[in-house]
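>>> Could you look at this predicted model? Sequence included:
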Amino acid sequence: MNLMPSPPERESEHLPAVSWWDKLSQRSRDMILFVLLAASAIFGLLLLTDAYEKNLERTDTLTGYILFGLIIFLGALNSRKKMSMIPLGRASLWLSAHVVFGIAAIGLFWLHIGTIWPVGLYEQVLTAIFYLVAISGVIGFLLYRIGARQLTQSGVEVIYERIPRELYEIREQSEKIVLKCTEETGSDTLAKHYEDTLSWFFRKPRFYWQNIFGLQSSAHWMRFHAASVVRYLDEKETAHFDELMTLISVKRKIDHHYAAQDLMKKWLLIHLPLSIALLVLASWHWFLVEVYAI
Amino acid sequence: MSATAAGPTIARPQRWDSPFDSEMTDAMVEGLLEVKEIAGIQTDKFPARIPLEGILKNDTRIINYESGDIIVRQGDYGNSAFLVLDGDLRVVVSPGLPSDIMGRIDETQRTFFNSLSQLWTNRWFPEVRNDFSKAKTGLRHSEDKADTVRGVFLQDVPAVLDQHQTVVLSEGALFGELAALGRVPRTASIFAEGKATLLEIRWQGLRELRNYDEGWRRIINQRYRETALRTHLNETSMFHGLSDEVMSKISDQCLFETYGSFEWHTSFKQARNRGIEQEPIIAREREYPDGLLLIRAGFARESIKHGNSRRTVTYLGAGDHYGLEELYSAWKNPEDAGAALQSSLTSLGYVDAIRVPAPVLEEFVFPNMDPPESRIEKVRSRPIDQDSLLEWAVEERFINARQAMVIDMDKCVRCDDCVRACASTHGGNPRFRRHGKTHDHWMVANACMHCVDPVCMIGCPTGAIHRSLSGGKVIINDKTCIGCGTCANSCPYNNISMVNIADSSGTKIVDETTHKPIMKATKCDLCTGQLGGPACVRACPNDALKRVSFNEFDA
């Protein structure tokens, strides 16, 4: 939808027909191009290995070098992120290439080792790390695709680093409500309930894994603890309790943000060290192969 | 018992509660009334609530300039006009004054290695300034307050006169009125050749002088007719193909109108309950149209009644027009009583418009024109949620944006790569916040939007914040920024930050006499001088971040 639907001058302008290709997002277009490129490259490589084998030549050196180059290229995405000051192309283009060629690298890996699980301890460690990098990569890709939308639909937007501050403010507000309720009504029912139960919820982010897996545990918790106290409150106390419930509702959304953003950040802390380990092991593997080849 | 509830009371705010210069005295006003250009004004034409004396006392101020003081700079925005009371000024015709003399930034592109060197030259501490050498610009301090910068002056007037073609403005000359009323950039730089005294008239006073005095109106309108009106009419498609003679007749009959408040950003920032009901009405739905409105500057909202409120049809900016369909219909079907306006037009801030009277259109334009397309019915047939993004953008005034940072939150994984990229290209501190107003899955982040109407530029005493001549970016020259905060306070979107600068060891720099921190205004500069354009856009791995003008934003 164009935001400027009908200003008089622009209305009369005839826009050119939009093709299906133009309707695709930039990311989809990049992905399609890289898939075609990767498919062509793999097809070409298969033809080449076939020709090698017909000539009774070894193919693992060829596939090994290509695989090693590909692993270095995949690792270069992180360096690209650090060098935003120079024009090295859009990071999104790099990420699309990273995803497509990362998946292609799995096929190339199998082509290189000729099996899915090699013999020899060093090769097994290398293969295990490779699989872990690949699996963590696929999980990360899916996590990003689902997580972003989930965060948007939560109804609040909060910066990860500011979450402790937000939670502190909510906790302060909730304590003020409870104190006010006690002062105004002379009853400590809500205050006691807060101290026994609700303060646990306000203390720090809660229901981490339940939020990650999309469970409604926090909503259930909220309903249960509301129902258990509300029957003992009079009209004035209920008004204060309603204010508290609003804060609980906001806190639940922030908890969800915390869990999702935390996971998206921590995922990288798994994928990145594993990738570095893979690069180191693969380099050593290459070194050994070269040394023994002499 | 009294039925009225007791509450806090104040005197109703009046127009002149905040005069332009609180030091203007009655004696000074008396003196001004003897100036030839003011003495000729017929005071009886002014309404009793807005007397000429009141305008002079509250909407003007007298400023004394020293030799070389720059009064207006080419490309600056301002809300005042000037009348020369005494002394001579020089208008720089060609070539224009160099950027550094005017206190502006050098926009040379970095080399590849210079860009790359930011990897290791960026400091561990934010906002480090190593170069404390003064810019080539001279800063004139106030006579009474030594720590207050009043403006910029040329340090070598004879050299400027030698190297630039200039024109003299002498006693009685009026200038700056078109830029002030039309909200367009100043077209030339003007400086004082020797000592000079000027009367600065803020836009409100200028508007009244134009409204109520025939002489001033004639001068201002005539100048506009001579300089900009023909260009504006020629750019409007309905006038294409008309002869010069016809165009002259049309331009002679055009009327000039202004609506709303020039300082819309102040009320926009303060108002808690904004809404269409607060907007000054330019034309009302169901009333009879008497002329076509061409928007020259500012923004207006076209709306129709919907339920208990109003639905935005579109917003109009410079170059757009309103009322054509109805005027054409009235001309084509004179018997049809339904030719009333189908929509209302309200001012979103300040609107400078040209009214082309209906008889002029009927005589010269409509006979050769195809019937305009009906737009309102099309809008009425659309579901309201289809237009909710438009309503939001108009309500939040994001329509002012030329380069808004819009983030698609369905794609954004909150990785902050954009923030890090910005920091790495700006000495370690980002120039925006990845936070802002959201609608559906769109967020407009707190990053400078390089506005169509850059209100932040009004009032900068040194011209440090200015519009780049190439590309129209709004940028700040760090060397001439004196940290007064005028721009940051004016920005309606809170997109300018004041930062405390530090030396290379991270120690905060303070004023040598007052020991107060030295502040600088910082904001997104669209990576001026960096290779490859805005780093934030290039750094987003999910293509979630765009820099867009809202009238081209394709959601």
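Sure, I can see it.
>>> Helix, strand, or coil at B:Asp100?
coil (DSSP: H, G, I helix; E, B strand; the rest coil).
>>> And it, what's its pLDDT?
At B:Asp100 the predicted local confidence, pLDDT, stands at 75.
>>> A:Phe101 and chain B, how far apart?
Separation of A:Phe101 from chain B (CB to the nearest CB, to the nearest Å): 15 Å. From N, CA and C alone the C-beta is placed, and that goes for glycine too.
>>> That should have said A:Arg171, apologies.
To chain B, A:Arg171 is 22 Å away according to CB to the nearest CB.
>>> Hmm, that residue is touching A:Phe202, no?
Yes - using CB atoms under 8 Å, A:Arg171 is in contact with A:Phe202, at 4.5 Å.
>>> Which one of those two is surrounded by more residues?
Higher neighbour count among A:Arg171 and A:Phe202: A:Phe202, with 20 against 17, using other CB atoms under 10 Å in any protein chain shown.
>>> and that one, that one's in a helix?
Yes - assignment of A:Phe202 by three-state DSSP places it within a helix.
>>> dump the residue contacts of it.
A:Phe202 sits next to A:Leu167, A:Ile170, A:Arg171, A:Ser174, A:Leu247, A:Lys251 when contact means CB atoms under 8 Å, 6 or more residues apart in numbering or on different chains.
>>> Check the spacing between the residue of chain A positioned farthest from its centre and A:Glu235 real quick.
What lies farthest from the middle of chain A is A:Gly186; by CA atoms, centre = their mean that is 49.1 Å. In this view, A:Gly186 and A:Glu235 are 14 Å apart by CB to CB, to the nearest Å.
>>> which stretches of chain A have low pLDDT?
A:1-16, A:294 (pLDDT under 70).
>>> Please parse it into its domains.
Using automatic domain parsing, the domains assigned to chain A come out as A:25-155+A:267-293, A:160-263.
>>> okay if I get those as a markdown table plus distance to B:Glu395?
Below are the domains of chain A laid out as a markdown table (distance: least, CB to CB, whole Å):
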| stretch | distance to B:Glu395 |
| --- | --- |
| domain A:25-155+A:267-293 | 19 |
| domain A:160-263 | 24 |
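>>> For B:Ser329, find the nearest of those.
Relative to B:Ser329, the nearest member of the domains of chain A by CB to CB is domain A:25-155+A:267-293, separated by 42.3 Å.
>>> Of all the helices and strands in chain B, which has the lowest average confidence?
strand B:138-141 (a mean of 62; mean pLDDT, DSSP states H and E).
>>> B:His435: which element?
Taking DSSP states H and E as the criterion, B:His435 maps to strand B:433-439.
>>> roughly how far apart are the residue of the stretch 251-400 of chain B found nearest chain A and B:Glu325?
Distance from chain A to each residue of the stretch 251-400 of chain B (CB to the nearest CB) is smallest for B:Arg375, at 4.5 Å. Using CB to CB, B:Arg375 is found at 7 Å from B:Glu325.
>>> neighbours of B:Asn368, just the number please.
Applying other CB under 10 Å, I find that B:Asn368 has 10 neighbouring residues.
>>> Spatially nearest residue to it (excluding sequence neighbours)?
B:Gly241 (7.2 Å; CB to CB, 6 or more residues apart in numbering or on different chains).
>>> wait, what's in contact with A:Leu45?
By CB under 8 Å, 6+ apart, A:Leu45 lies in contact with A:Thr63, A:Ile66, A:Leu108, A:Leu111.
>>> Would you mind giving both backbone torsions of B:His466?
phi -150, psi 170 (degrees, to the nearest 10).
>>> Show me what it bridges to in the sheet.
Beta-bridge partners for B:His466, by DSSP bridges, are B:Ile475.
>>> what's the strand holding B:His435 packed up against?
Contact here means 3 or more CB pairs under 8 Å, 6 or more residues apart in numbering or on different chains; DSSP states H and E; on that basis strand B:433-439 packs against helix B:388-395, strand B:442-446.
>>> That one versus strand B:442-446: what angle between them?
140 degrees (axes from the mean of the first three to the mean of the last three CA atoms, to 10 degrees).
>>> Strand partners (parallel or antiparallel) of strand B:433-439?
strand B:442-446 (antiparallel).
>>> got a list of contacts for the strand it pairs with?
Defining contact as CB under 8 Å, 6+ apart, one finds that strand B:442-446 is touched by A:157, B:389, B:396, B:398, B:401, B:404-409, B:412, B:432-438, B:493-495, B:555.
>>> From those residues, list the buried ones, please.
Buried residues within the contacts of strand B:442-446, counting neighbours by 16 or more other CB atoms under 10 Å in any protein chain shown: A:157, B:389, B:396, B:398, B:401, B:404-409, B:412, B:432, B:434, B:436-438, B:493, B:495.
>>> Tell me which residue in the stretch 351-500 of chain B sits closest to chain A.
Chain A sits closest to B:Ala421 of the stretch 351-500 of chain B, with a gap of 3.4 Å, by CB to the nearest CB.
>>> Any idea how many residues pack against the residue of the stretch 251-400 of chain B closest to chain A?
20.
>>> Likewise for B:Gly428?
16.
>>> can you check B:Leu545 too?
B:Leu545 has 25 neighbours, counted by other CB under 10 Å.
>>> from memory it sits against B:Cys418, does it?
Yes - between B:Leu545 and B:Cys418 there is a contact at 5.5 Å, judged by CB under 8 Å.
>>> what residues are shared contacts of those two?
In contact with both B:Leu545 and B:Cys418: B:Cys536, B:Val537, using CB under 8 Å, 6+ apart.
>>> what sits against the residue nearest to B:Pro47 when sequence neighbours are not counted?
Closest residue in space to B:Pro47, ignoring its immediate chain neighbours: B:Tyr212 at 7.4 Å, by CB to CB, 6+ apart. Contact analysis of B:Tyr212 by CB under 8 Å, 6+ apart lists B:Lys45, B:Phe46, B:Pro47, B:Ile50.
>>> What parts of the stretch 101-250 of chain A come near chain B?
For the stretch 101-250 of chain A, the contact set with chain B under CB under 8 Å from any CB of the partner chain comprises A:Tyr144, A:Gly147, A:Ala148, A:Arg149, A:Leu151, A:Thr152, A:Glu157, A:Ile159, A:Tyr160.
>>> Select only the buried ones of those in PyMOL?
Buried residues within these, by 16+ other CB under 10 Å, are selected in PyMOL with:
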select buried, chain A and resi 144+147+148+151+152+157+159+160
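>>> how about the residues of the stretch 101-250 of chain A next to chain B in TSV, adding distance to B:Arg230?
Shown next, in TSV, are these (distance: CB to CB, whole Å):
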residue	distance to B:Arg230
A:Tyr144	55
A:Gly147	57
A:Ala148	52
A:Arg149	53
A:Leu151	54
A:Thr152	50
A:Glu157	49
A:Ile159	52
A:Tyr160	56
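>>> Flag every residue of the stretch 251-400 of chain B that's near chain A.
So the stretch 251-400 of chain B meets chain A at B:313-316, B:319-322, B:324-325, B:372-373, B:375, B:378-379, B:382, B:386-387, B:389-390, B:393 (CB under 8 Å from any CB).
>>> what's the burial count for A:Lys82?
Neighbours around A:Lys82, by other CB under 10 Å: 11.
>>> For it, which residues are in contact?
B:Leu119, B:Ser424.
>>> contacting residues around A:Leu247?
Counted by CB under 8 Å, 6+ apart, A:Leu247 has contacts A:Ile170, A:Gln173, A:Ser174, A:Ile177, A:Phe202.
>>> Let's see that with 6 Å instead.
Contacts for A:Leu247 (CB atoms under 6 Å, 6 or more residues apart in numbering or on different chains) come out as A:Ile170, A:Gln173, A:Ser174.
>>> Those in helices, which ones?
Per DSSP state H, helices hold the following members of the contacts of A:Leu247: A:Ile170, A:Gln173, A:Ser174.
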